[in-house]
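*Asks:* Build me a model:
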Amino acid sequence: MIVIERQLAEEKVFKDPVHKSIYVQDQLIWNLINTKEFQRLRRIRQLGTSYLTFHGAEHSRFSHSLGVYEITRRIISQFERNEYSDWPRQERLPALCAALLHDLGHGPFSHSIEDVFDTDHEDWTCRIITGDTEVNQVLREIDERFPERVAAIIRKKYDKPIVVNLVSSQMDADRMDYLLRDAYFTGVHYGTFDLERILRVLRPYQGRIVVKESGMHAVEDYLMSRYQMYWQVYFHPVTRSSEIILKQILRRAKELYLNGYRFEWLPKPLLRLFQNELTTDDYFLLDEALAQTVFMAWADERDEWLSDLSRRFLHRRLYKDIVVNNHSEELFEEAKLQLKHAGLQPDYHLEVDFPFDLPYDVYQPDAGTNRKGNEKPPILLLDAKGEISEISARSDIIRSLSGLHQGKHRWYYPDDLLRPVAHRLDKRIRTIFGY
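*Replies:* Model (predicted):
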């Protein structure tokens, strides 16, 4: 299918702290940005609860999505400027649309709400793209089948893997933007890498995106930055504590609803979420402003646990964490039983966390998969003879990095509630908690 690209009469420019400027030349992209579904992303934080750890982490999925679009635009421009024959020029607009819209289905606090309600932001993204929405209407102005083409790229089922690689691979525009953006707004330097160099050494080759061999060291720097960001920012124990409390709020509210509890206030989108009957119209209303308002209301609910958890989240009274080197399921169950005997609610007052199980990966050379099972193709090097090889086969640094597993079992608990009753615990459990 030939896509007719309509250009804007005058180029639009977004000022951006990461990329300096983001350029929009296509009327279709401009129209998508101005849909209500895309504008909703202004009300969804990019880093979920990380603002409770890094106070500057208030940036949105909106700014990140624009950044992913801009990196994709620059990669494609480089391919077309150099007239690389392996890049299918007719795929420019579908690729840009997928880059821009890839996070459209994220809900408030993203992965936390997905864990509790077994939802998938990628599925919601595709439902918004193909459903009765403003985004769908804009895409159908190109062709009736165009929304399905864009959704297929996001589902990683598109018939041209090279297009999918731009948006979803182990070195895609999505990851490159969020590392730089998250580093900037959290105030750390771990996520910085030489984006300009990487963009210059990317090549379309035999239906895939590869890296010119001379760019290997830039990729090493990128993967090291990624590794450090995961362990220093994304896996930060304080952030994990806030995410645990957030999930417990949602779990408790869901449990109360299923047991017939009558809330003082339960907005329609959350009611539909509890009933597993959420529509795209309901989902559009689910943002972090609504979630925070609901938590404010739940802080005064009659249920003791829901009220306490909501107040903890709102007022940043988070759970304390300890590293348990000898963690086992038997030990954990014993600790929960003792907390129950001491008058606490173990289902909500003790949680174990092992960050390696999260949907973040550092680098997996064998087409690593995330928790949903979606394949992330490995990074390939292209040498002067036109032969390709997986990068860890050539780089000692990346080979070492891909084998590192530094996850630690941490127990999270409310120290203010446990400390006064710690004397009721067995000595061994008291020792673990440090009492």
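*Asks:* got the contact list for P269?
*Replies:* With contacts defined as C-beta atoms under 8 Å, 6 or more residues apart in numbering, P269 is in contact with L278, D282, Y283, L285, L286, L290. Glycine gets a C-beta too; all of them are placed from N, C-alpha and C.
*Asks:* Pull out the buried residues from stretch 390-408.
*Replies:* By neighbour count on 16 or more other C-beta atoms under 10 Å, the buried set for stretch 390-408 is E390, I391, S392, S395, I397, I398, L401, S402.
*Asks:* What ranges does the stretch 251-400 of the chain have for its strands?
*Replies:* For the stretch 251-400 of the chain, the strands defined by DSSP state E, counting those that start in this stretch occupy 320-323, 351-353, 380-382, 388-390.
*Asks:* How far away from the center of its chain is the third one?
*Replies:* Strand 380-382 has its C-alpha centroid displaced from the chain centroid by 27 Å (C-alpha atoms, centre = their mean, to the nearest Å).
*Asks:* The helix or strand bottoming out on mean pLDDT in the chain - contacts with which helices or strands?
*Replies:* The helix or strand of the chain with the poorest confidence is helix 396-402; it has a mean of 81 (mean pLDDT, DSSP states H and E). Counting contacts by 3 or more C-beta pairs under 8 Å, 6 or more residues apart in numbering; DSSP states H and E, helix 396-402 is packed against helix 216-229.
*Asks:* for the helix it packs on, which positions count as buried?
*Replies:* Here helix 216-229 shows 216, 218-229 as buried, counting by 16+ other C-beta under 10 Å.
*Asks:* can I get the contacts of P269 in TSV with pLDDT, distance to R203 and neighbour count?
*Replies:* TSV is the format used below for these (pLDDT from 0 to 100; distance: C-beta to C-beta, whole Å; neighbours: other C-beta atoms under 10 Å):
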residue	pLDDT	distance to R203	neighbour count
L278	93	42	21
D282	95	44	16
Y283	95	39	21
L285	95	44	15
L286	95	41	23
L290	97	45	15
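*Asks:* can I see the domain layout of this protein?
*Replies:* 7-234+387-402, 237-356+409-433 (automatic domain parsing).
*Asks:* Would you mind saying which of these lies nearest L381?
*Replies:* Nearest of the domains of the chain to L381, taken as C-beta to C-beta: domain 7-234+387-402 at 5.2 Å.
*Asks:* Next, the distance between the ends of that closest one.
*Replies:* End-to-end span of domain 7-234+387-402 (C-alpha to C-alpha, to the nearest Å): 43 Å.
*Asks:* and what of stretch 228-237?
*Replies:* From its first residue to its last, stretch 228-237 covers 14 Å (C-alpha to C-alpha).
*Asks:* And for stretch 188-202?
*Replies:* Start-to-end, stretch 188-202 (C-alpha to C-alpha) is 27 Å.
*Asks:* which residues are in contact with that stretch?
*Replies:* 54, 71, 74-75, 78, 171, 176, 179-180, 182-184, 209-212, 214-215, 218-219, 221-222, 225-226, 228-229, 232-233.
*Asks:* which parts of it are buried?
*Replies:* V188, Y190, G191, T192, F193, D194, L195, I198, L199, V201, L202.
*Asks:* Select from those residues every entry located in helices.
*Replies:* L195, I198, L199, V201 (DSSP state H).
*Asks:* Quick one: low-confidence residue ranges for the chain.
*Replies:* 1-3, 356-375, 403-406 (pLDDT under 70).
*Asks:* Now render the domains of the chain as JSON lines, adding distance to K376.
*Replies:* Converted to JSON lines, those look like this (distance: least, C-beta to C-beta, whole Å):
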{"stretch": "domain 7-234+387-402", "distance to K376": "5"}
{"stretch": "domain 237-356+409-433", "distance to K376": "16"}
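*Asks:* for those domains, which one ends up most surrounded?
*Replies:* Greatest average neighbour count among the domains of the chain goes to domain 7-234+387-402 (a mean of 19), per mean count of other C-beta atoms under 10 Å.
*Asks:* does D182 really touch L47, like I thought?
*Replies:* Yes. With contact defined as C-beta atoms under 8 Å, D182 reaches L47; the gap is 6.1 Å.
*Asks:* Next, work out how far apart the residue lying closest to E148 once chain neighbours are set aside and G191 are.
*Replies:* Closest residue to E148 apart from its sequence neighbours, by C-beta to C-beta, 6 or more residues apart in numbering: T130 at 6.2 Å. Using C-beta to C-beta, to the nearest Å, one gets 33 Å for the distance from T130 to G191.
*Asks:* Over to H106. Which of the three states is it?
*Replies:* coil (DSSP: H, G, I helix; E, B strand; the rest coil).
*Asks:* give me phi/psi at it?
*Replies:* phi -70, psi 130 (degrees, to the nearest 10).
*Asks:* Spit out the contact partners of it.
*Replies:* L41, I44, R61, H121, W124, T125.
*Asks:* Out of these, which sit inside helices?
*Replies:* R61, H121, W124, T125.
*Asks:* Since that was my last question, I'll sign off now.
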